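1. Below is the structure, and that's it, no one-letter string:
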């Protein structure tokens with residue numbers, strides 16, 4: 001079996017771990033449509049020192065190389081109130097699983113990338129560009145299969161982002177929470193102007209099972225106001241009171257991010 005075919009099959013299987021077709025037929029069929037959805041790589045570069053070296057690499061080498069390979073709208077963010085140490089967050093949207101599987105090899109063979117990123121890529125052990133990199137691979141929800149750039153990004157205006165992760169205590173409950181979003185929660189968030197950027201089910205990475213999504217706003221005060229509208233919305237109240245969606249989330253982690261000057265989101 002070819003590497004890309006194996007990876008595609010493995011990811012579809014991991015998304016359904018612990019789910020029987022008898023218990024959850026609608027969700028069990030969902031990965032068959034995964035070819036029409038984005039895959040997102042979410043990276044957290046953990047830092048101990050200032051990140052000038054990392055910023056230079058991302059701006060001058062990594063993002064241009066990804067763009068040349070057809071990977072567009074790469075986001076780079078600083079965490080405004082770090083929960084577990086200083087970190088730079090990078091969101092890379094891939095139009096397909098094949099793209100994710102091949103980009104790393106192709107980027108490493110890119111001479112322009114190697115030249116532009118030489119200082120970072122060849123940095124000595126005594127002056128590392130990061131402490132470690134955490135990484136997750138996410139499959140876009142069927143209810144929002146592609147990333148949506150907020151108007152504030154397109155207009156190059158000041159903006160903030162909220163990155164939210166919902167962990168679940170079982171694979172089945174995690175999938176039910178995804179279903180809840182697809183059944184109306186995403187539409188409500190759009191309606192109340194929370195301006196979602198992406199929704200993704202984590203298929204590879206630590207702290208599984210969980211989902212992660214990103215919202216945006218002009219500032220935190222206005223963003224909080226939009227959340228207030230969400231909580232009062234009749235559709236949300238109906239979904240939240242539906243017994244089938246009870247106990248789907250065991251832990252919520254929220255991070256507020258601000259884009260770097262060179263972020264494409």
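-> Thanks, I have the structure now. Since the structure is predicted, the reported quantities are computational estimates derived from the model, not experimental observations. Numbers count the residues shown, from 1 in each chain.

2. Show me where the stretch 101-250 of the chain has its strands.
-> 132-140, 160-167, 198-204, 210-217 (DSSP state E, counting those that start in this stretch).

3. Now tabulate the ones you listed in TSV and tack on mean pLDDT and mean neighbour count.
-> C-betas here are computed from N, CA, C, even on glycine. Below are the strands of the stretch 101-250 of the chain laid out as TSV (pLDDT from 0 to 100; neighbours: other Cβ atoms under 10 Å):
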stretch	mean pLDDT	mean neighbour count
strand 132-140	97	19
strand 160-167	98	20
strand 198-204	98	24
strand 210-217	98	23
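
4. With distance to residue 89 added, can I get these in a markdown table?
-> Shown next, in a markdown table, are the strands of the stretch 101-250 of the chain (distance: least, Cβ to Cβ, whole Å):
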| stretch | distance to residue 89 |
| --- | --- |
| strand 132-140 | 10 |
| strand 160-167 | 7 |
| strand 198-204 | 13 |
| strand 210-217 | 10 |
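
5. Run through the residues that contact residue 210.
-> With contacts defined as Cβ atoms under 8 Å, 6 or more residues apart in numbering, the neighbours of residue 210 are 165-168, 174, 202.

6. should've said residue 251
-> By Cβ under 8 Å, 6+ apart, the residues touching residue 251 are 166-167.

7. Next: residue 130.
-> Contact analysis of residue 130 by Cβ under 8 Å, 6+ apart lists 45-47, 51, 54.

8. Mark which of the residues you listed are buried, thanks.
-> 45, 47, 51, 54 (16 or more other Cβ atoms under 10 Å).

9. Test my guess that the last one contacts residue 44.
-> By that I understand residue 54. No: between residue 54 and residue 44 there is no contact, the gap being 11.8 Å when judged by Cβ atoms under 8 Å.

10. Identify the contacts common to these two.
-> Residues touching both residue 54 and residue 44 (Cβ under 8 Å, 6+ apart): residue 88.

11. next SSE after the worst-scoring helix or strand of the chain on mean pLDDT?
-> When the helices and strands of the chain are scored by mean pLDDT, DSSP states H and E, helix 25-28 comes last with a mean of 38. The C-terminal neighbour of helix 25-28 among helices and strands, as given by DSSP states H and E, is strand 39-46.

12. ok, then the element right after that following strand?
-> Downstream of strand 39-46, the first helix or strand assigned by DSSP H and E is helix 52-57.

13. Mind listing residues that contact that following helix?
-> 45, 47, 88, 117, 119-121, 123, 127, 129-130, 260, 262.

14. List the buried residues of that helix.
-> Neighbour counts using 16+ other Cβ under 10 Å place 53-57 of helix 52-57 among the buried residues.

15. how distant is that helix from the center of its chain?
-> 22 Å (Cα atoms, centre = their mean, to the nearest Å).

16. Pull the most distant pair out of the contacts of residue 210.
-> The most widely separated members of the contacts of residue 210, counting by Cβ to Cβ, are 165 and 174 (11.5 Å).

17. okay but residue 198 is in contact with residue 215, surely?
-> No: with contact defined as Cβ under 8 Å, residue 198 does not reach residue 215; the gap is 9.7 Å.
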